[in-house]
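Sharing a model prediction with you, sequence too.
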Amino acid sequence: MIDTKLQEGMGHRLVEALRMVAPGTPLREGIDNIIRAKTGSLIILGQEREISFLFSGGLKLDREFSPNVVYELAKMDGATILNRNATRILRANVQLMPDPAIESSETGTRHRTAERVAKQTSALAISISQDRDVVSLYIDNIKYVLSDMRVLLAKADQALQTLEKYRARLDQVADSLTALEFEDAVTLHDVIGVLQRMEMVARVAREIERYLIELGSEGRLIAMQLEELMTGVAKDREALIRDYSPAKSPRLDKIEGQVCMLSADELFEAGIISKILGYKKKMKASEVRLSSRGYRILSKVPKLPMHVIENIINRFDSLKAVLMAGEDDLVEVEGVGRVRAREIVESLVQLRELSLSEKYSFR
């Protein structure tokens, strides 16, 4: 599933277009056949009633899409017209007559026609160069040139290596924060540091997701590695914001969206991050002491549902109070029976011992 922030950054229609021409799709098979044959082609995807005013001549087919048929039709001079989902071939050998007054930066006839059709209508235009093996997508005012698979795979692999390093560092600062939470010694500076690392990891992940869209079936192994490296990051980020936002019910989407929109330099401005979280920008982060509400720590307790976590936090208000509570106190919380209360107490003791032992073992 593609990250919504990625779709917003690239454009929803471009993301959908890249999915349609990714390796493993029937349309990409047809495009690859055309590239190997070096015939070149112009393929238009859209609703016929919306683009038919551009047509001049051509053959009406209206048949099921086939990669081989598209390849054969590319031997003709005119454009091939497909429906918007590329499931049917509507027409072939069509001469397109877009408005010549529409500005175009292209020099080749095929590419210039594709750009003008995309600008004049809602269609997706795919121009395949006859000599240079270049596939260009035109959608609205966007031109996107498909990258070579070997180059994409190399970039994705390099990004994965970067993500591994970033994730390792994130785990270190998150573990350090956990130890501080058990000691009730957290500062705003510590929280900001973890949130910054989470966003750095998320940005590299979005870059890899962009590559995966274009890689299609060629990116299966990379997708598996990405999923493993990103396990728990989004959930922990939400829990972190819930734990330390001054508002008891923070708007997670708004906060995450504002952090996402920060430039690389702004991301490392503690004052900007603290303001997004809801603190005064002029506060010195290292001097602001905070207490965790307990969302992030309680989410580490096995098989503890979120609605029970909510009930516990509503009852005790802070992680410190939860840690001081005994089984009898926890049993009074809705959704917590005697067995679950014992499991919560035991899990928190184990988590505390583990985090503190790891912290002080490095000293």
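Received it, and whenever you're ready, just let me know what you need.

Report the residue ranges of every domain in the chain.
Listed domain ranges for the chain are 4-146, 147-292, 293-358 (source: automatic domain parsing).

okay, the ones you listed in a markdown table with mean neighbour count and mean pLDDT next?
From N, CA and C alone the C-beta is placed, and that goes for glycine too. Formatted as a markdown table, the domains of the chain follow (neighbours: other C-beta atoms under 10 Å; pLDDT from 0 to 100):
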| stretch | mean neighbour count | mean pLDDT |
| --- | --- | --- |
| domain 4-146 | 18 | 92 |
| domain 147-292 | 17 | 94 |
| domain 293-358 | 16 | 92 |
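
Tell me where the longest strand sits in this protein.
strand 88-96 (DSSP state E).

Give me the sheet partners of that one and which way each runs.
Strand 88-96 sits in its sheet next to strand 55-56 (antiparallel), strand 59-64 (antiparallel), strand 79-82 (antiparallel), going by DSSP bridges.

can you give me the strands for the chain?
Using DSSP E, the strands of the chain run over residues 41-45, 55-56, 59-64, 79-82, 88-96, 124-128, 135-139, 142-145, 186-187, 289-290.

Output the strands paired with strand 88-96 as a markdown table; include the columns distance to S122.
Output for the strands paired with strand 88-96, formatted as a markdown table (distance: least, C-beta to C-beta, whole Å):
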| stretch | distance to S122 |
| --- | --- |
| strand 55-56 | 16 |
| strand 59-64 | 20 |
| strand 79-82 | 14 |
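
Tell me how far stretch 177-197 lies from the chain's centre.
On the basis of C-alpha atoms, centre = their mean, to the nearest Å, stretch 177-197 sits 26 Å off its chain's mean C-alpha point.

Same check on stretch 114-131?
For stretch 114-131 - counting by C-alpha atoms, centre = their mean - the centre lies 27 Å from the chain centre.

How about stretch 344-357?
Relative to the mean C-alpha coordinate of its chain, stretch 344-357 is positioned 33 Å out (C-alpha atoms, centre = their mean).

start the count at 24, not 1, going forward
Sure thing, new numbering starts at 24, so read that last one as stretch 367-380.

Need the residues that contact it.
198, 201-202, 205-206, 320-321, 323-325, 327, 335, 345-346, 349-350, 353, 359 (C-beta atoms under 8 Å, 6 or more residues apart in numbering).

coming back round to it: nearest to E230 among the strands of the chain would be which one?
strand 165-168 (15.8 Å; C-beta to C-beta).

who's in contact with the residue lying closest to L327 once chain neighbours are set aside?
Nearest non-adjacent residue to L327, counting by C-beta to C-beta, 6 or more residues apart in numbering: L321, 6.2 Å away. By C-beta under 8 Å, 6+ apart, the contact list for L321 reads L327, I332, I335, I336, L342, V345, I367.

Cool, thanks, talk later.
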